[in-house]
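Predicted structure and sequence below. I'll ask about it afterward.
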Amino acid sequence: MLEAGYLADNTSAGILKPGCAYSLKYYVSATDVTSSARKADATLAVRMIDTDGRVMMGSFAQYTTEQRPLSRFTTSVPFGVAVESREFTFTAKTGVYRFIATIEVPAAGTGSPPAAARGIGITSPDFALR
């Protein structure tokens, strides 16, 4: 799990300013494995937590390296392409916002040869004033 905190206040330490509206987006990319006949798909779940500790509406998203059509709740990330997240907006209030990205990679397993996990990555979030 990767977690970053973003302070919203009126001091120079504040990344976000209370009362201002922001849009947030990020990019996700995936890489394939060439060294194994057996491949395992990784998943990435992303969410933004507000200053009250709740998941912000519109912030949850899930991605996978699996290259077939999936449910409307999970986005398949093509190899070698940066996929832009669905943008969401919010108005900042004083406190700390947390951006959380959880990557799950399956175990290699006991088969022969062991499965190699495909890679998935995410950029830092980009906050833009609205």
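Perfect, thanks for sending it. Numbers count the residues shown, from 1 in each chain.

buried ones in stretch 117-130?
Ala117, Arg118, Ile120, Gly121, Ile122, Pro125, Phe127 (16 or more other C-beta atoms under 10 Å). For every residue, glycine as well, the C-beta is placed using N, CA and C.

Is Gln62 in a helix, a strand, or coil?
strand (DSSP: H, G, I helix; E, B strand; the rest coil).

sorry, back to before: using pLDDT, spot the least trustworthy of the buried residues of stretch 117-130.
Lowest pLDDT among the buried residues of stretch 117-130: Ala117, with 85.

Return the backbone torsion pair for Gly5.
phi -110, psi 140 (degrees, to the nearest 10).

and the buried residues of stretch 117-130, which two are the farthest apart?
Ala117 and Phe127 (30.8 Å; C-beta to C-beta).

Under the pLDDT cut-off, which ranges of the chain? List them.
Applying pLDDT under 70 to the chain flags residues 36, 69, 108-112.

same thing but at 90, please
Counting by pLDDT under 90, the chain contains low-confidence ranges at 33-40, 67-73, 105-117.

Tyr97 touches Asp9, doesn't it?
No: applying C-beta atoms under 8 Å, one finds Tyr97 not in contact with Asp9, separated by 11.3 Å.

Those two: which has the busier surroundings?
Tyr97 (24 against 16; other C-beta atoms under 10 Å).

who's the spatially most central residue of the chain bridged to?
For the chain, the residue sitting closest to the mean C-alpha position, by C-alpha atoms, centre = their mean, is Val46 at 3.7 Å. Beta bridges link Val46 to Ala61, Ala101 when assigned by DSSP bridges.
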